[in-house]
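> Next input, structure requested:
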Amino acid sequence: MSSTLQTIIALAIVAVTVTVLLWSALKKRKQPGCGCGDACSAVTPEIKKLQSKRKS
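Predicted coordinates:
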């Protein structure tokens, strides 16, 4: 394998790695749970009632 080809392959690997790292750093982070706040269907009415009492 020639040194020119090795250099091109190494630069391509570095470019792909940098792209993946930047993309993962810049993408929007998901919130834990369902991510929909108060409208979450996983929260039961009893829990919503306790949360409203705690906020006031």
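
> C-alpha from now on. contacts and neighbour counts both.
Fine.

> show me where pLDDT drops low in this structure?
28-43, 56 (pLDDT under 70).

> Now with 50, please.
Using pLDDT under 50 as the threshold, the predicted model of the chain has no low-confidence range.

> Which parts of it are helices?
3-26, 45-55 (DSSP state H).

> mind putting those helices in a markdown table, mean neighbour count included?
What follows is those, written out as a markdown table (neighbours: other C-alpha atoms under 10 Å):
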| stretch | mean neighbour count |
| --- | --- |
| helix 3-26 | 11 |
| helix 45-55 | 10 |
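
> Can you tell me how far Ser52 is from Pro45?
Separation of Ser52 from Pro45 (C-alpha to C-alpha, to the nearest Å) stands at 11 Å.

> Which neighbours do these two have in common?
Counting by C-alpha atoms under 8 Å, 6 or more residues apart in numbering, Ser52 and Pro45 have no shared contacts at all.

> what's the spacing between Ser3 and Leu11?
With C-alpha to C-alpha as the criterion, Ser3 and Leu11 are 12 Å apart.

> ditto for Thr19
For Thr19 relative to Leu11 (C-alpha to C-alpha), the value is 12 Å.

> again with Lys48
54 Å.

> Could you do Leu5 as well?
10 Å.

> do Ser24 as well
20 Å.

> One more: Lys49?
57 Å.

> and what of Leu50?
The value you get for Leu50 to Leu11, if C-alpha to C-alpha is used, is 56 Å.
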